[in-house]
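Visitor: here is my input; please provide its structure:
(one chain, ligands or ions: 1)
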Amino acid sequence: MQRHPFAPAAESPLLPDDFAFSQSSLQAYADCPRRFWLTYVERLPWPAVEASPVQDHELLMRQGGQYHRLVQRAELGLDPDELAQELPAPLDGWFDAYRAYRPTDLAGARVEVECSLSIHLEIEQRANAAPAPVRLSAKYDLIAATQDGRFIIMDWKTGHRRADPVHLQRRLQSVVYPFVLVEAAPYLGWGPIAPEQVEMRYWFTAAPTQPAVFPYGSFQHAANRQRIADLVAAILAGHARDDFPLAPDSEATRRRLCRFCTYRSRCNRGIEAGDLSDLDDAGDIEDLIPEGTARSLDFGMDEIAELNF
Ligand code: SF4
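Guide: Next comes the predicted model:
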């Protein structure tokens with residue numbers, strides 16, 4: 001594959017030289033600027049107790065990692081019968097569902113499994129200031145180039161319930177993943193991809209026959225570019241902790257965000273962790289954890305090839 005030189009890092013005195021924005025960091029900022037500050041600027045230790053009971057939380061993380069590794073191996077061509085041998089619950093049921101309900105339009109598709117793409121963006125800042133070069137990265141469970149010219153981004157979700165499609169569509173994952181794929185495509189073996197060829201698809205172990213499917217297009221691509229640029233510009237404009245305020249305090253914010261946030265004691269936003277059974281309303285558990293740590297219990301990131309464009 002043709003490779004583009006590494007994009008320069010974000011021009012921010014707050015962020016590491018090699019910092020790359022991602023759906024996870026942008027979602028953190030969109031949800032709560034202070035959460036971005038604590039996670040990516042102060043880089044406070046992670047993971048920590050985010051949901052109760054703690055053991056269930058850790059088990060769900062571990063099972064999610066194991067499931068992704070299983071599917072990765074199956075997609076890479078390992079014998080599914082061998083992979084299915086002696087799987088404990090619930091992995092056995094999840095893997096059976098994958099085998100029975102893997103989308104039929106993936107048959108014959110060329111797939112890229114567990115890959116990362118990274119692109120270079122120029123972000124307009126203040127008047128008379130030069131655009132800031134930044135990197136934006138996305139880690140994909142699977143990208144399938146189908147025989148009829150479509151590019152399907154598959155994301156495997158292992159939450160207790162099928163996530164609300166409206167909620168999923170609003171999340172930065174649904175913005176960043178198709179955007180990065182289209183922008184990186186000219187440097188990939190596939191060649192340029194029109195936004196209309198792309199589809200974002202979430203597949204749920206809890207509802208394997210009801211994936212959430214989001215077609216993509218040029219209008220959406222332009223809107224996504226603007227949304228990403230606005231978020232990055234706002235982050236780059238911050239120079240101190242006070243520029244990254246706490247999310248407005250309300251019952252809804254505490255229930256939706258703070259109860260699952262490891263920083264809530266620092267913010268005086270309550271003591272008790274949220275109940276795990278409520279977590280699916282906020283998305284898959286991985287969405288609440290900075291990238292690079294979500295599967296660290298069982299899924300080494302060195303298993304993931306990164307392509308930089
Ligand atoms: S506890 Fe709430 S206010 Fe504090 S960082 Fe987390 S989400 Fe933001």
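Visitor: element containing residue 178?
Guide: Under the criterion of DSSP states H and E, residue 178 resides in helix 172-184.
Visitor: mind listing what's buried along the helix or strand that that helix is followed by?
Guide: Next helix or strand after helix 172-184 toward the C-terminus (DSSP H and E): strand 198-204. Buried residues in strand 198-204, counting neighbours by 16 or more other C-beta atoms under 10 Å, are found at 198, 199, 200, 201, 202, 203, 204. Placement of C-beta: from N, CA and C, glycine included.
Visitor: same question, stretch 167-185
Guide: Within stretch 167-185, judged by 16+ other C-beta under 10 Å, the buried ones are 168, 171-185.
Visitor: where's the nearest residue to residue 180 once chain neighbours are set aside relative to the ligand, distance?
Guide: Counting by C-beta to C-beta, 6 or more residues apart in numbering, residue 138 is the residue found nearest to residue 180 once chain neighbours are left out, at 4.1 Å. Between residue 138 and the ligand the computed distance is 23 Å (C-beta to the nearest ligand atom, to the nearest Å).
Visitor: pull the contacting residues for residue 138.
Guide: Residues near residue 138 by C-beta atoms under 8 Å, 6 or more residues apart in numbering: 22, 23, 116, 117, 118, 176, 177, 180, 181.
Visitor: what of residue 13?
Guide: Contacts of residue 13 by C-beta under 8 Å, 6+ apart are residue 239.
Visitor: now name the helix or strand holding it.
Guide: Going by DSSP H and E, residue 13 is not part of any helix or strand.
Visitor: confidence score at it?
Guide: pLDDT recorded at residue 13 is 77.
Visitor: and it, how far is that from residue 123?
Guide: Distance, residue 13 to residue 123, using C-beta to C-beta, to the nearest Å: 15 Å.
Visitor: same thing with residue 85?
Guide: Residue 85 is 50 Å from residue 123, where distance means C-beta to C-beta.
Visitor: more neighbours: the two, which one.
Guide: residue 123 (20 against 9; other C-beta atoms under 10 Å).
Visitor: what's the pLDDT at residue 160?
Guide: The model's pLDDT for residue 160 equals 83.
Visitor: quick check: it touching residue 206?
Guide: Yes. In this structure, residue 160 is within contact of residue 206 by C-beta atoms under 8 Å, at 6.2 Å.
Visitor: near the ligand, which residues of the stretch 151-300 of the chain?
Guide: Taking C-beta under 6 Å from any ligand atom as the contact definition, the stretch 151-300 of the chain meets the ligand at 246, 247, 257, 258, 261, 263, 264, 267, 269.
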